[in-house]
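**Student:** Sequence and predicted structure are below.
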Amino acid sequence: MSTASQVLNNVTSLAAMAPNPWKVIAISMATYAGYRVLKRYIYYTYFSSLRVLPGPKPPRNYLLGHLKEIFESSWGGRFDEWLGKFGSSITYTGFLWQRGLITSDPRAVAHMINHAYDFPKPWPVREDFIEMFGMGDVHKRQRKIMNPCFGPAQIRDLMPVFYEKALQLREIWTTNLDGDVEGKVVDILPWLTRTTLDVIGAAGFGYEFNSLTEEDGSELAQAYKALLEPPKGPGRLTENKRNSKATTDRIGRKIIEDKRRIALGDKGAAAGRDILSVLRQSVLDPARPSCVQKDSFIIIPIISINRDKAIWGEDADKLKPERWLENSHPYAAEYPTVFSGIMTFLGGARACIGYRLAVMEIKVILFTLLRNFVFELSDPNLIIETLQGMIARPVVKREDGSTETMLPLLIKCLRSD
C-alpha cells in the first residue's frame, strides 16, 4: 500500500513539474517573434543593398521609422527636404527597421513606370486597392476594355455635362451671395467635391448624384464620400468604408443592368452618351533597378518631382502657368508622363485613365467661375497645407497646430462694368 502511495506521489510530482502547454506556446511564439524582429534588424542594418545610399538620420521611433515624420509633414514637404539635402535617390526606414527607397531619378522612375506590373502596391495598401480598383490581370483587363471610352472625341462629347454642372454651381453661389458687394467667405472644398461627384455620375454612368441640389446627395453620393475620406490609420478598409463599397457595388450593378438593357434594344430604356453607355455599346459591337532587392518598398515622390528646381527652375514651387508656353524644360521629357511633363497622372500602364476627363472638367469649371467671381484668401495669414491620403485635400492649420479639412475663400461677384 505504501509502495502504491509512493508511486502516486511520484506521478503527482512529475505532473506538477510538467510545463503548462499554453505557457510553452506563448514562450515559443514570443521567442519566434523576437527572432524575426532581430533578424529584420540585423538584415536591414548590415546587409540591405539600400544601406549604402544616403538618407536621413536613424529615426527615434523604432516601430514606425520615418513613416511618422512623412505622414505628419505637409504634403511632400519631407521628401523635398531629404531629396534637396541627400540627392535624387535616398534610403529611409519604414516599419520595424525595413529600409525603403525614395527616388526621383528619371531613369529609375521611367523604369518603374514602364514596367508597372513588376512593381505591385505594397502589402499595407494592396488589399484595399484590390477591393476598390483591382490589380494585376484584373486591372489590365479593365484598362483594355475602358481605354477607348476616354479618348479625345469621347471627352468632347461630354462637354455639355461639364458645363451643366459648372453653371449649376455658379447659380448656387450667385444666389448665396445675393448681391452682397463685400462678398462672403465660403468653404469651397465641399462645393467642388459635390460638383465633381455630379460630373462623375452624369458623365461616367448617366446617374444623378444630386450632390449640388440635395444636402446629403443620393445614397451613392454618400457612399463615395465615405470611400474618399482621409485615412484614420493604416490597414484594411474601415467598417464604414466596407458598407460604402457594398452600396456602390449594389447600385453599380443596377446601373450596369440598365445600360445592358439599353444596349440590347429595350425600347423602354433611354439611351445615353455617358462613358458607361458608350462602353456597353462598344462591348456588344461585333465590329526594375537591379540593385533593389525583391519586396523592397519604393516611393516615387510625385509632388517633389513636379516642383523639382532642376527641372522647372528656381521658381518651381510658384504658380506659373506660362512656364508651359516657354518650352524650355527639356529634363521634364525624361519622365514618361501623359500630361505636360508632370507626374500628377503618372504614365505607362498605371497612368490615370481619366486624365483627359479630369483636365477638361477643371478647365470648364475654372472658365465658368472665373468669369463670374473674384476669389481672395479669407485671411491673408491663413496657413493652408495639403493632407495626404487617397486623394489630396487642403487643410487649414490653426495656431495650436490642429488642422481642419477646408478651403475658405472670400468670394465676390465679378462686376459686369
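**Tutor:** Happy to help now that I have it. Numbering: from 1, shown residues only.
**Student:** Residue 388 touches residue 77, doesn't it?
**Tutor:** No. Residue 388 lies out of contact with residue 77 (C-beta atoms under 8 Å); the separation is 10.1 Å. To be clear about C-beta, it is placed using only N, CA and C from the backbone, and glycine gets the same treatment.
**Student:** Would you map the helices across the stretch 251-400 of the chain?
**Tutor:** 275-284, 302-306, 309-312, 323-326, 355-370 (DSSP state H, counting those that start in this stretch).
**Student:** and if you look at the stretch 101-250 of the chain?
**Tutor:** Counting by DSSP H, counting those that start in this stretch, the helices of the stretch 101-250 of the chain are 106-114, 123-132, 136-146, 152-157, 159-177, 188-199, 219-227, 239-263.
**Student:** Next up, the contacts around residue 332.
**Tutor:** Residues in contact with residue 332, defined by C-beta atoms under 8 Å, 6 or more residues apart in numbering, are 311-312, 341-342.
**Student:** Give me the below-cutoff pLDDT ranges for the stretch 51-200 of the chain.
**Tutor:** Residue ranges of the stretch 51-200 of the chain with pLDDT under 70: 123-139.
**Student:** Now for residue 368, how many residues are close by?
**Tutor:** Residues near residue 368, counting by other C-beta atoms under 10 Å, number 18.
**Student:** Grab the nearest non-local neighbour of it.
**Tutor:** Closest residue to residue 368 apart from its sequence neighbours, by C-beta to C-beta, 6 or more residues apart in numbering: residue 166 at 3.9 Å.
**Student:** what do you get for residue 182?
**Tutor:** In space, residue 182 is closest to residue 412, 7.4 Å off (C-beta to C-beta, 6+ apart).
**Student:** Adding distance to residue 348 and mean pLDDT, write the helices of the stretch 251-400 of the chain out as CSV.
**Tutor:** Listed next are the helices of the stretch 251-400 of the chain as CSV, based on distance: least, C-beta to C-beta, whole Å; pLDDT from 0 to 100:
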stretch, distance to residue 348, mean pLDDT
helix 275-284, 22, 60
helix 302-306, 14, 92
helix 309-312, 19, 87
helix 323-326, 22, 80
helix 355-370, 13, 95
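**Student:** Looking at those, spot the one closest to residue 113.
**Tutor:** For residue 113, the closest of the helices of the stretch 251-400 of the chain is helix 302-306, at 11.0 Å, according to C-beta to C-beta.
**Student:** can you list contacts of the closest one?
**Tutor:** Under C-beta under 8 Å, 6+ apart, the answer for helix 302-306 is 75-76, 79-80, 83, 104, 109, 311, 335, 342-344, 346.
**Student:** Buried residues in it, which are they?
**Tutor:** Across helix 302-306, burial judged by 16 or more other C-beta atoms under 10 Å covers 302-306.
**Student:** Residue 203: which of those residues is nearest?
**Tutor:** For the buried residues of helix 302-306, the nearest to residue 203 is residue 302 (25.2 Å; C-beta to C-beta).
**Student:** which one of the buried residues of helix 302-306 is nearest residue 71?
**Tutor:** residue 303 (13.8 Å).
**Student:** give me the number of residues near residue 321?
**Tutor:** Count around residue 321 with other C-beta under 10 Å applied: 6.
**Student:** what residues are up against it?
**Tutor:** Contacts of residue 321 (C-beta under 8 Å, 6+ apart): none.
**Student:** Could you check how far it is from residue 340?
**Tutor:** 10 Å (C-beta to C-beta, to the nearest Å).
**Student:** What of residue 381?
**Tutor:** In terms of C-beta to C-beta, residue 381 sits 33 Å off from residue 340.
**Student:** same check, this time on residue 353
**Tutor:** 17 Å.
**Student:** between these two, who's got more neighbours?
**Tutor:** residue 353 (15 against 12).
**Student:** How about the contacts made by the more buried one?
**Tutor:** The contact partners of residue 353, by C-beta under 8 Å, 6+ apart, come to 143, 146-147, 150.
**Student:** Just the buried residues from the residues you listed, in PyMOL please.
**Tutor:** To isolate the buried ones among the contacts of residue 353 in PyMOL, judged by 16+ other C-beta under 10 Å, type:
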select buried, resi 146+150
